[in-house]
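Novice: sequence and predicted structure, then a few things I'm wondering about:
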Amino acid sequence: MKTQKFMPLVLIVAGLLAYHNSFTGPFILDDLPSIQENLTIRRLWPVWTIIGHTSRPVVHLSLAVNYALGGFNPWGYHLFNLAIHILAALTLYGVVRRTCLLAKSPPTWREAASWLAVAVAVIWVVHPLQTESVTYIIQRCESLMGLFYLLTLYCVIRSNGSSRSIWWEMGSVISCALAMSCKPVAASAPVMVLLYERAFMAGSWREILERRWKMYAGLAATWLLLPVLLANGPGEWKESAGFGYRKITPIQYALTQPAVILHYLRLTFWPRPLCLDYDWPAAQTAAEVGPGLIAIGALLVVTVWAWRRRPALGFPGAWFFIILAPTSSFIPIADLAFEHRMYLPLAAVVVLGVMGIYALAGRRSVPVFLVLAFVLGVLTVQRNEDYRSDIAIWGDTVAKRPENPRAHNTLGVTLAQLGKVPEAIGHYEQALQIKPDYAEAYYNLGLALSRIGKIQAAIEQYEQALRIKPDFAEAHCSLGNALAQVGRIGEAIGHYEQALRIRPGYAKAHNNLGSALSQVGRVQEAIVQFDQALRIKPDFAEAHCNLGMALGQVGEIEEAIVHYEQALRIKPDFAEAHYYLGNTLEQTGRVREGIGHYEQALRLKPDYAEAENNLAWLLATLAPADGGDPVRAVTLAERACELTNNRVAEYLDTLAVAYAAAGRFNDAVATAQKAIELARSAGQTQVVSEIETRRELYRAGRAYRAPASVTSPHGP
């Protein structure tokens, strides 16, 4: 009994050791839409806004708690996932231990109940096949469902012979409902409870129904949750799973799954190579179908035979196949194989393995279990290293499944984020070679080409993505950006509007539409769009900055300053916001504050020509007592002209002003003349007149000083 008290501690320590290096992994794949882009988890109240529009309300509520405690720091989400996994393992320990102690269990099981239970639970908790359910954050839907599924069974076991059986039975029904609110796979829980009770606790089906009909009615009632929950699922889920999914038929899916299940079984005994995203191909030929179908058919026959002869022996097989049935039978799902689907079925294999080894070796099997747990734990630690970064996990996936277009595409996205754009383009092109109708890869290729200045080529890729997927809101938005860059503002506006028709709550499209409207002089309409973007996403720094610019254009200067400052509170390293705030402060006479923000913009973005020009203008036109610095003004103005290849008349004008302030009047006259020629060729008659006036000052050996306002005439 004393040893038994330490068994849960052994289990907790094993879980912590196996996953000690899992806390720094980033958000990946489905984590992005489910966590980082999920607006419903960003506040805990009212709770119905979190749970009312999802098929997995308990999971979403847990994510909202994570966000409330730590925002988007992955560490807290990983800790929560590990806590769920360890709690599930403790529950499995309780289930196995109490099963071994039941009257119908063999005496050898009762004698070693605690040892057998801890062996099963430790091997299960450290098995590397579980890493996808634990280290891949959003797959907590699998582990959280597994925890409540196991609790459903544990409560039923505890109710057996208990003086408080009604409370345990109620706990079982509540746990079952919570499991279904995590993932519909839990639909099998009432069936598994019934089979368990027949195998280990009851002498007949009649006895079960006579004694517990109320509890089973409650368990069956939880099925009523399923249609409600499924109806709340996002549209893309409905299009990628179920009988409405058109890319594979139910028969073809069913014929493919035996090979998938055999792969799962192989990984339980030899968990290498593990892969995040298999992109498992559908079976096409009899040779692909035959071996798996025969093997799984044989295992099913053995399971039925074992159940009929000795239900306790057949129960693990029933557990394995029934829990896998929703995802690995005939209901089509876009992803034919995912390792997290083995979270609960793995327990059956581990139970059979541990019990088999113990039956052969008795107490001498303990060293075998210790070695198994150690080896599996080391493999889990190694697998967690693959999750340490986006580049690591997707590089690993591409290496293991080189014909997986989604892996190439996502690795490309990761490389692009790291600035390795040419390598990213290579992976996008590889994805398109494998899957020529891959709209997302065309879209991402367009983004990459845009980043290296190939705007026309990017436009072609976005258009191709939209030919394949006309309702691709992001592609419409990015195509609008590219068209705006080449001056096709009217077409850009049309694509932004189309993006918003497809996805009305698309904050980025509202912001970009506002920018385009502002460019064509429709400033009031632009303000409406920026406001809408901020209603959807209050922490959208770029929208605050753009709204500040628009408000400045209509003379609402103080309100513009408020939005620039808000942008900088959200994003302190936002160089453009510093620049525009500096310019606006300059207009209101707060020159020294304006200089400070120009300086900050240049610290953040050293090649920021506009900021260099405006700061140079101030330093050249201010008296030294007011902060003027002609020498530095020359340096800044020369740099701004160098960055623009001496092709911007306004920047040459600023350089001429700086030369004159530094006493270099011949250089000032020559530079002013170049500025005049550029402005004249561009038809800027007003600019030509202003520069000519200043040029006459330089010829007279005088510097230019702004008489009333020091604001640069060339600011935004």
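Specialist: Sure thing, it's come through.
Novice: for the rest of this, base every contact and every neighbour count on C-alpha atoms.
Specialist: Noted.
Novice: report the secondary structure element holding the residue lying closest to residue 565 once chain neighbours are set aside.
Specialist: Closest residue in space to residue 565, ignoring its immediate chain neighbours: residue 581 at 7.5 Å, by C-alpha to C-alpha, 6 or more residues apart in numbering. Using DSSP states H and E, residue 581 falls within helix 575-587.
Novice: and the contacts of the next helix or strand after that helix?
Specialist: Beyond helix 575-587 on the C-terminal side, the first helix or strand identified by DSSP H and E is helix 591-604. Residues from elsewhere that reach helix 591-604 (C-alpha atoms under 8 Å, 6 or more residues apart in numbering): 573-579, 581-586, 608, 611-612, 614-615, 618, 627, 710.
Novice: distance from helix 591-604 to the middle of the chain?
Specialist: Centroid separation between helix 591-604 and its chain, computed with C-alpha atoms, centre = their mean, to the nearest Å, is 35 Å.
Novice: flag every buried residue along that helix.
Specialist: 591, 593, 594, 595, 597, 598, 599, 600, 601, 602, 604 (16 or more other C-alpha atoms under 10 Å).
Novice: and those residues as a markdown table, adding distance to residue 328 and pLDDT?
Specialist: Below are these laid out as a markdown table (distance: C-alpha to C-alpha, whole Å; pLDDT from 0 to 100):
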| residue | distance to residue 328 | pLDDT |
| --- | --- | --- |
| 591 | 68 | 85 |
| 593 | 65 | 88 |
| 594 | 64 | 86 |
| 595 | 65 | 89 |
| 597 | 59 | 90 |
| 598 | 60 | 87 |
| 599 | 61 | 91 |
| 600 | 57 | 90 |
| 601 | 56 | 88 |
| 602 | 57 | 91 |
| 604 | 52 | 92 |
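Novice: from the residues you listed, which is closest to residue 135?
Specialist: The closest of those to residue 135 turns out to be residue 604 (C-alpha to C-alpha; 35.0 Å).
Novice: verify the contact between the residue nearest to residue 565 and residue 562 for me.
Specialist: No. Assessed by C-alpha atoms under 8 Å, residue 581 is found out of contact with residue 562, at 9.3 Å.
Novice: so which of these two has more stuff around it?
Specialist: residue 581 (29 against 15; other C-alpha atoms under 10 Å).
Novice: what about that one, distance to residue 627?
Specialist: Relative to residue 627, residue 581 is positioned 19 Å away (C-alpha to C-alpha, to the nearest Å).
Novice: one more: residue 359?
Specialist: Computed with C-alpha to C-alpha, the distance linking residue 359 and residue 627 is 88 Å.
Novice: next one: residue 356
Specialist: According to C-alpha to C-alpha, residue 356 stands 85 Å off from residue 627.
Novice: one more: residue 511?
Specialist: According to C-alpha to C-alpha, residue 511 and residue 627 sit 37 Å apart.
Novice: so which of the two has more stuff around it?
Specialist: residue 511 (27 against 15).
Novice: picking that back up, for the buried residues of helix 591-604, which one is nearest residue 366?
Specialist: Of all the buried residues of helix 591-604, residue 366 sits closest to residue 604, with 60.7 Å by C-alpha to C-alpha.
Novice: for residue 401, what are its contacts?
Specialist: Contacts here follow C-alpha under 8 Å, 6+ apart; on that basis residue 401 touches 278, 279, 407.
Novice: without its sequence neighbours, what residue ends up closest to the second one?
Specialist: Distance criterion C-alpha to C-alpha, 6+ apart; nearest residue to residue 279, sequence neighbours excluded, is residue 404 at 5.8 Å.
Novice: and that neighbour, what is it in contact with?
Specialist: If a contact means C-alpha under 8 Å, 6+ apart, then residue 404 has 278, 279, 398, 431, 434 as its contacts.
Novice: buried subset of the residues you listed as a ChimeraX selection?
Specialist: The ChimeraX selection below is limited to those of the contacts of residue 404 classed as buried (16+ other C-alpha under 10 Å):
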select :278,279,398,431
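Novice: out of the contacts of residue 404, which are inside helices?
Specialist: Among the contacts of residue 404, the ones falling in helices (DSSP state H) are 398, 431, 434.
Novice: number of nearby residues for residue 111?
Specialist: Residues near residue 111, counting by other C-alpha under 10 Å, number 12.
Novice: off-centre distance for the longest helix anywhere in the chain?
Specialist: For the chain, the helix with the greatest residue count under DSSP H is helix 74-101. In terms of C-alpha atoms, centre = their mean, the centre of helix 74-101 is set 25 Å apart from its chain centre.
Novice: mind checking how far the nearest residue to residue 480 once chain neighbours are set aside is from residue 498?
Specialist: Residue nearest to residue 480 in three dimensions, not counting chain neighbours: residue 492, with 3.9 Å by C-alpha to C-alpha, 6+ apart. For residue 492, the distance to residue 498 equals 10 Å [C-alpha to C-alpha].
Novice: so if I had to pick from those two, which one is more boxed in?
Specialist: Ranked by neighbour count (other C-alpha under 10 Å), residue 492 and residue 498 place residue 492 first, with 26 against 20.
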